[in-house]
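Peer 1: following is a predicted model, sequence given first.
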Amino acid sequence: MNTTFLYKSDPMRGRQWAEVFGRRRPDIDFRIWPDIGDAAQVRFLAAWVPPDDIAERFPNLEVLFSSGAGVDQFDFAALPAALPVVRMVEPGIVRGMVEYVTHAVLGLHRDMPQYRRQQNEGRWQPLPVRPAAERRVGVLGLGSLGQAVLAQLVALGFDCAGWSRSRHAVEGVQCHAGADELPAFLARTDILVCLLPLTDSTRGFLDAKLFSMLPIGAGLVHVGRGPHLVERDFLEALASGQIGDAVLDVTDPEPLPPAHAFWRHPRIQLTPHIASMTQPLSAAEAVLDNLRRFEAGEPMVGGVDRAKGY
Ligand SMILES: NC(=O)C1=CN([C@@H]2O[C@H](COP(=O)(O)OP(=O)(O)OC[C@H]3O[C@@H](n4cnc5c(N)ncnc54)[C@H](OP(=O)(O)O)[C@@H]3O)[C@@H](O)[C@H]2O)C=CC1
Ligand SMILES: O=C(O)C(=O)CO
């Protein structure tokens, strides 16, 4: 049987994947949705949102690759139980996230939101300059993105900590694990970065209780998923000064409706879910490497544990 790799995401980027596959794996018939060819030959699918009838439509599917780092857009219940699911781990998406979070943390660290407000008022008011070593940054999520972001923040001299489900060791970072160690992690965090996946256990995680455990005036950089954030609790935390300034790249819903409070809030800087994006050329190389692993019977990089949801 011929092998088809089907790509179902942005077609322009798909053409760049096709170029890499054509050069590296001419034996694979690379197709871009909706040009699926013979559905029975589709053994691999890379998608942001797979078709609803995936099981019936592609009876010989062997692996589902997410075209992004997140897999929360997948309805696991609708996927064949034994189908391996793989999230995107590739250098381009990591680099983009490192750039975005570093920019946001540096902006909060150097009081850029306050200077923007002062500029709007025509006010020339210098504030004290604190060294990075005196700013405590905490990253929720020590996965591919969280660890890469922390490496850059450590290199810039920030006092860094991280929190995850299981214990990790990351050079230069105080690593905390599990619910018991969350309060201590939060209590020492001046700027909190959320890089958690969206799962049943992390939905609504950024709530009033969590905010109350941060030092007063803490900054927030939210690049996880919109539903992590409890909107009402967040607005109250901003109003009380519990949260000082926030940089939000993700919201619920996306896009935000025109009248939404976040748009014009003086303490919120908003971007339209652009913190990072899968880069087609390096992503295609990473997926080809995973195909090689799959064919050799080795574990793939970014394999999803459906029980955990990420
Ligand atoms: N805004 C944007 O443009 C983008 C946003 N993202 C978001 O970033 C997220 C993270 O990506 P990535 O780093 O690749 O993901 P990974 O799966 O590599 O890492 C997830 C991390 O979160 C931790 N975690 C998950 N659930 C819990 C929990 N309940 N309690 C404590 N820790 C938990 C994991 O802990 P452990 O290590 O113990 O398993 C792990 O350290 C994506 O899922 C996506 O939502 C991704 C790309 C772009
Ligand atoms: O890759 C992801 O999960 C993203 O959020 C990119 O937008």
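Peer 2: Cool, got the structure. Ligands and ions are numbered 1, 2, ... in the order given.
Peer 1: for the rest of this, base every contact and every neighbour count on C-alpha atoms.
Peer 2: Noted.
Peer 1: C-alpha coordinates for the helix or strand residue 56 falls within, CSV please?
Peer 2: For residue 56, the element it lies in under DSSP states H and E is helix 54-57. Extracted C-alpha coordinates of helix 54-57, given in CSV (Å, rounded to 0.1, in the frame of the first residue of the first chain):
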residue,chain,number,x,y,z
ILE,A,54,-11.6,10.8,11.4
ALA,A,55,-12.0,7.1,12.3
GLU,A,56,-14.5,6.3,9.5
ARG,A,57,-12.8,8.5,6.9
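Peer 1: could you point out the helix or strand that follows it?
Peer 2: Taking DSSP H and E, what comes next after helix 54-57 is strand 63-66.
Peer 1: that next one pairs with which strands, and in what direction?
Peer 2: strand 42-47 (parallel), strand 85-86 (parallel) (DSSP bridges).
Peer 1: need these in CSV with mean pLDDT, distance to residue 19 and mean neighbour count, can you?
Peer 2: CSV is the format used below for those (pLDDT from 0 to 100; distance: least, C-alpha to C-alpha, whole Å; neighbours: other C-alpha atoms under 10 Å):
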stretch, mean pLDDT, distance to residue 19, mean neighbour count
strand 42-47, 98, 15, 22
strand 85-86, 98, 22, 24
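Peer 1: closest to ligand 2 out of the ones you listed?
Peer 2: Closest approach to ligand 2 among those (C-alpha to the nearest ligand atom): strand 42-47, 11.1 Å.
Peer 1: nearest residue to residue 219 in space, please, no chain neighbours.
Peer 2: Spatial nearest neighbour of residue 219, chain neighbours left out: residue 191 (4.5 Å); criterion: C-alpha to C-alpha, 6 or more residues apart in numbering.
Peer 1: tell me the pLDDT at that neighbour?
Peer 2: pLDDT recorded at residue 191 is 99.
Peer 1: what sits against it?
Peer 2: Contact analysis of residue 191 by C-alpha atoms under 8 Å, 6 or more residues apart in numbering lists 105, 108, 135, 136, 137, 138, 218, 219, 220, 221.
Peer 1: what's the local residue count around residue 200?
Peer 2: Residue 200 has 11 neighbours, counted by other C-alpha atoms under 10 Å.
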